Every structure is written in C-alpha cells, then in structure tokens.
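[1] sequence isn't available, so here's the structure alone:
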C-alpha cells in the first residue's frame, strides 16, 4: 500500500526539475534515433535510469531490445523474458525501465519504489511479473484516492509543461521519497 503525505509530495515535487527535463528528453528522442547505435541516447538513458551496473555486452543487448521493441505494443513480461534470454540474467528493474520508456503508462521497478511499497526483490521471472502487476494495481488504487488526486494536481501545477502520465508522476515522486 502506498502511504505518502501531502508534505512528502510537495517536498518531492520541489526536487524533480532536472529529472523531468532528462525524462522528457529521453521520451522525445527514443523514437527519433536508433537507440542501439546512438551513443548520446545511450549515455543519457544509462545516466537517468542508472544502468551502469550492466556489463558492456548486456548493455548493448538492452539497447538492441529497446530499438527492436520501440514501435510495437509492449508488456513488461515480454520485455523481461527477452532481456533474460539476451543477457542470461533476471533483470526486472532494467526490463521495467525499458518497457516504461516504450509505454509510459507502465511503472518502473526500482529499489525506491520497492522500498516505498514494501516489496521484495523478485527471485524469478514469474515473481517479477506478479510484482509488476501488483505495482500497477497499487498505483491505480492510489491514483484514485484523494491523496493521489492531490499528487496529480500539484504535479500539473508545478510542471505544467511536463506532459507525462499519472503513473510517471507517481514514479517520479516515489523515487524522490527515500528513507
């Protein structure tokens, strides 16, 4: 269950300018360049999503998969399976970041979201799919509440030029709320 206060939301919103600018650049650029070859896109994506722990070969496969997937419908489970097959590792966080780049209505799985939602790290592809669906359900539930509506309203007031999904608004705020 997502529990955040208005004070936490307002504080997080005050720290999001650079993150939003970086995110908007990525979203504008992803369909304009060949992300498997464009080093500037790769550098910015890796910096924004903190994809520095992957070895070079796995990173190349991540961007190949992003390029291959960017113009077709995407779901987290499919991306996760393809990324696992390509890298030999279960990388639910990277898979969620790739899927959310293609479909901004999908949430990202990262340490801060897991911490804020009280979730464990996935131990298998199936558990990662369940966790991701659980996050989607929790986000939908939260965004329908009074505090969820407050978050969306305050986000739009604070960043009127940032045309992002409500899911991404919540992702960004949760990323800023750290224990």
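    Alright, I've got the coordinates. Computed from a predicted structure; not experimentally measured.
[2] centre-most residue in the protein?
    residue 108 (3.0 Å; C-alpha atoms, centre = their mean).
[3] quick check: it touching residue 98?
    No - Residue 108 lies out of contact with residue 98 (C-beta atoms under 8 Å); the separation is 9.8 Å. From N, CA and C alone the C-beta is placed, and that goes for glycine too.
[4] what ranges do the helices span in this structure?
    Under the criterion DSSP state H, helices of the chain are mapped to 6-13, 17-29, 39-49, 56-69, 76-87, 92-102, 111-117, 125-143, 146-158, 166-176.
[5] buried residues, the fourth one. List them.
    Under the neighbour-count criterion of 16 or more other C-beta atoms under 10 Å, helix 56-69 has 58, 59, 61, 62, 63, 65, 66, 67, 69 buried.
[6] equivalent analysis for the first one, please.
    Applying a neighbour-count criterion of 16+ other C-beta under 10 Å, the buried positions in helix 6-13 are 8, 9, 12, 13.
[7] same question, stretch 122-137
    122, 125, 128, 129, 131, 132, 135.
[8] residues making contact with that stretch?
    76-77, 80-81, 84, 90, 92, 95-96, 106-107, 109, 113, 117, 119-120 (C-beta atoms under 8 Å, 6 or more residues apart in numbering).
[9] and the buried residues of stretch 122-137, which two are furthest apart?
    Pairwise distances among the buried residues of stretch 122-137 were taken by C-beta to C-beta; the largest, 15.6 Å, belongs to 125 and 135.
[10] pick out the shakiest of the helices of the chain, pLDDT-wise.
    Of all those, mean pLDDT reaches its minimum on helix 111-117 (a mean of 84).
[11] helices or strands up against that helix?
    The helices and strands touching helix 111-117, judged by 3 or more C-beta pairs under 8 Å, 6 or more residues apart in numbering; DSSP states H and E, are helix 125-143, helix 166-176.
[12] closest to residue 38 out of these?
    The nearest among the helices and strands packed on helix 111-117, by C-beta to C-beta, is helix 166-176 at 22.2 Å.
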